[in-house]
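Visitor: predicted model, plus sequence, below.
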Amino acid sequence: MTHEPAVRCRGITKSYRLGVEVSLQQSIRTLLGRGGNLTRFNALDDVTFEVRAGERFGIVGQNGSGKSTLTQVIAGITVPSAGIVDVWGRVLPLLEVGAGFHEELTGRENIVLLGTILGLSPEEITVATPQILEFSGIARHIDTPLKRYSSGMRARLSFATAICFPADIYVFDEVLAVVDDSFRARATAAIRSLHERDCTVILMSHDLAFIRENCTTGMWLHQGRVQLVGGIEEVADAYREYSVVA
């Protein structure tokens with residue numbers, strides 16, 4: 001791990017509008033910026049932190065704390081309403097099982113599709129494909145349409161595709177919830193191997209033991225606001241104490 005930054009978020013706020021316009025007139029007034037009964041909700045509120053290159057960074061918090069929204073902002077999937085996100089290097093996000101995949105395409109075709117979406121060259125995709133087949137353990141079904149895959153097979157292919165494609169920063173959001181223990185152990189080992197390759201890893205999970213085991217630093221989010229940033233044991237202990245009391 002170096003002291004160089006990999007991800008830096010400064011004052012990140014992500015707002016959404018809540019409510020329903022009750023009439024056509026009110027809808028028009030809202031579009032024209034003249035009112036309406038919409039209220040704003042901040043999924044993220046002035047979030048500031050930094051992840052250094054080569055770090056394994058865990059994000060914890062209750063449902064609705066803003067974890068998934070933050071990982072989407074880091075990955076460039078959604079744009080913040082305010083604040084600045086700086087990223088150094090290629091980001092590979094795995095934020096949802098099967099995200100970026102197409103139901104009608106085969107597993108092999110989906111590997112090519114996702115690699116293309118992520119900006120990989122045809123050569124990089126070709127080199128990674130055998131590794132993906134071996135790691136996922138579903139080579140027998142790789143030319144079967146994705147719509148016939150079980151949830152576990154989709155999770156295996158999703159994770160294997162993400163972990164085997166080259167990147168500088170890997171962002172994982174609760175991606176191992178539906179896999180069996182055997183694959184989970186292999187996936188955990190693969191995440192650790194990223195650290196040995198000096199890759200930066202950002203993990204979001206409700207599994208506090210998993211975060212403790214696989215991260216060195218982290219952050220606790222609550223209702224879109226940063227409660228604590230620091231060593232993972234300190235962050236995990238503070239979050240656990242709050243969860244027990246709450």
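Guide: Cool, got the structure.
Visitor: low-confidence ranges in this structure?
Guide: For the chain, applying pLDDT under 70 flags the ranges 1-2, 19-38, 96-100, 175-179, 246.
Visitor: could you pull out the strands for it?
Guide: 5-18, 39-52, 56-60, 82-87, 91-94, 169-173, 200-204, 217-222, 225-231 (DSSP state E).
Visitor: where exactly do the helices run in the chain?
Guide: 24-31, 67-74, 107-117, 122-136, 151-164, 181-196, 208-214, 232-245 (DSSP state H).
Visitor: those: which one's closest to R52?
Guide: helix 181-196 (12.2 Å; Cβ to Cβ). Every C-beta, even on glycine, is put in place using the N, C-alpha and C of the backbone.
Visitor: hmm, who's touching that closest one?
Guide: 54, 56, 135, 137, 152, 155-156, 159, 163, 170, 172, 176, 179, 201, 203, 210, 213-214 (Cβ atoms under 8 Å, 6 or more residues apart in numbering).
Visitor: can I have the buried ones of those as a ChimeraX selection?
Guide: To isolate the buried ones among the contacts of helix 181-196 in ChimeraX, judged by 16 or more other Cβ atoms under 10 Å, type:
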select :54,56,135,155,156,159,163,170,172,176,179,201,203,210,214
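Visitor: can you say which of the helices of the chain is nearest to G11?
Guide: Closest among the helices of the chain, using Cβ to Cβ: helix 67-74, at 12.0 Å.
Visitor: okay, that closest one in CSV with CA atoms only?
Guide: What follows is helix 67-74, C-alpha atoms only, in CSV (Å, rounded to 0.1, in the frame of the first residue of the first chain):
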residue,chain,number,x,y,z
LYS,A,67,-23.7,2.6,1.2
SER,A,68,-25.0,1.4,-2.2
THR,A,69,-25.5,5.0,-3.4
LEU,A,70,-21.9,5.8,-2.5
THR,A,71,-20.5,2.8,-4.3
GLN,A,72,-22.5,3.8,-7.4
VAL,A,73,-21.0,7.3,-7.2
ILE,A,74,-17.5,5.9,-6.9
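Visitor: tell me which residues in that helix are buried?
Guide: Using 16+ other Cβ under 10 Å as the burial criterion, the residues of helix 67-74 that qualify are 67-74.
Visitor: format the residues you listed as TSV; extra columns: distance to H222.
Guide: Conversion of those to TSV gives the following (distance: Cβ to Cβ, whole Å):
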residue	distance to H222
K67	10
S68	14
T69	13
L70	12
T71	16
Q72	18
V73	17
I74	18
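Visitor: as a markdown table, the strands of the chain with distance to I125 would be great.
Guide: Shown next, in a markdown table, are those (distance: least, Cβ to Cβ, whole Å):
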| stretch | distance to I125 |
| --- | --- |
| strand 5-18 | 24 |
| strand 39-52 | 27 |
| strand 56-60 | 26 |
| strand 82-87 | 22 |
| strand 91-94 | 13 |
| strand 169-173 | 17 |
| strand 200-204 | 22 |
| strand 217-222 | 32 |
| strand 225-231 | 36 |
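Visitor: contacting residues around stretch 116-134?
Guide: 90, 92, 100, 108, 111-112, 115, 139, 142, 157, 160-161, 164-167.
Visitor: re the thing from before, can you lay out the helices of the chain as CSV showing distance to I84?
Guide: As requested, the helices of the chain are exported to CSV (distance: least, Cβ to Cβ, whole Å):
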stretch, distance to I84
helix 24-31, 29
helix 67-74, 11
helix 107-117, 25
helix 122-136, 29
helix 151-164, 26
helix 181-196, 26
helix 208-214, 26
helix 232-245, 23
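Visitor: restricted to buried residues, select the contacts of stretch 116-134 in PyMOL.
Guide: A single PyMOL command selects the buried members of the contacts of stretch 116-134 (16+ other Cβ under 10 Å):
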select buried, resi 92+100+108+111+112+115+142+157+160+161+164+165+167
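Visitor: would you point out the most distant pair within the contacts of stretch 116-134?
Guide: Spatial extent of these (Cβ to Cβ) is set by the pair R90 and A139 at 26.4 Å.
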